[in-house]
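1. Let me see the structure of the following:
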Amino acid sequence: MKRTILVFGLISGGLVGLFLAFAIIINFKGGAWFGYTTMVIALSLIYVGVRNFRDKFNNGVITFGKALKIAMGITLIASTIYVLVWLVEYYFFIPDFMDKYAAALDKEARASGLSPAALQKKLDYIESMRIAYRNPIMVVLYTYLEIVPVGIIISLLTSLLLKRKRPPSPVAPTIA
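-> From the prediction side, this is the model:
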């Protein structure tokens, strides 16, 4: 089980890290849709990993709990790689990211037509995020909050889809 978690976690993390690095290298402006789509693609290896364990190492049987444990292990490893890649990119290549992001959010909020009170509330929130991002612990937490919920959803769906209490019945050979 540990080997399955490690192998599929590293592959999934490598993919999501590669997607993140590639997006930053080419200065991709695809936004959240691109980011979350690539997360789903990379984290789809959770399904592959749990199914691989169930079919190859557990005689075709797996409980919801064991499937969820494997899936969450893969999620944790992949998410950690994602966070590490972001930390390298942020601190070494784009240290002004949060200032630019906050400025873009500020501009968007001002153009949204919110009431003055709602606008001020939104601007205060943006500024609090920008200030919080100065703390490396907050950078790590915000980055985990981007990917872990996606991993949890995929882990729960995978565990529901792949749970099996009885081994599959053997297929009788057909005579042609």
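
2. For this protein, give me the ranges with low pLDDT.
-> Scanning the chain for pLDDT under 70 picks out 27-31, 171-176.

3. Remind me what the longest helix along the chain packs against, helices and strands.
-> Longest among the helix segments of the chain by residue count, using DSSP state H, is helix 136-162. Under the contact definition 3 or more CB pairs under 8 Å, 6 or more residues apart in numbering; DSSP states H and E, helix 136-162 sits against helix 31-43, helix 45-52, helix 64-88. Heads up, the C-betas are built off the backbone N, CA and C, glycines and all.

4. switch the cut-off to 10 Å
-> Other helices and strands packing on helix 136-162, by 3 or more CB pairs under 10 Å, 6 or more residues apart in numbering; DSSP states H and E, are helix 2-25, helix 31-43, helix 45-52, helix 64-88, helix 97-111, helix 116-132.

5. Of all those helices, which one is nearest residue 150?
-> helix 31-43 (4.8 Å; CB to CB).

6. Please export the C-alpha coordinates of that closest one as PDB.
-> The C-alpha coordinates for helix 31-43 follow below in PDB (Å, rounded to 0.1, in the frame of the first residue of the first chain):
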ATOM      1  CA  GLY A  31      -6.100  31.600 -15.000                       C
ATOM      2  CA  ALA A  32      -8.100  29.300 -12.700                       C
ATOM      3  CA  TRP A  33      -9.600  27.200 -15.500                       C
ATOM      4  CA  PHE A  34      -6.200  26.100 -16.700                       C
ATOM      5  CA  GLY A  35      -4.900  25.500 -13.200                       C
ATOM      6  CA  TYR A  36      -7.800  23.500 -11.900                       C
ATOM      7  CA  THR A  37      -8.100  21.500 -15.200                       C
ATOM      8  CA  THR A  38      -4.400  20.500 -14.900                       C
ATOM      9  CA  MET A  39      -5.000  19.600 -11.200                       C
ATOM     10  CA  VAL A  40      -7.800  17.300 -12.100                       C
ATOM     11  CA  ILE A  41      -5.800  15.700 -14.900                       C
ATOM     12  CA  ALA A  42      -2.800  15.100 -12.600                       C
ATOM     13  CA  LEU A  43      -4.900  13.900  -9.700                       C
END
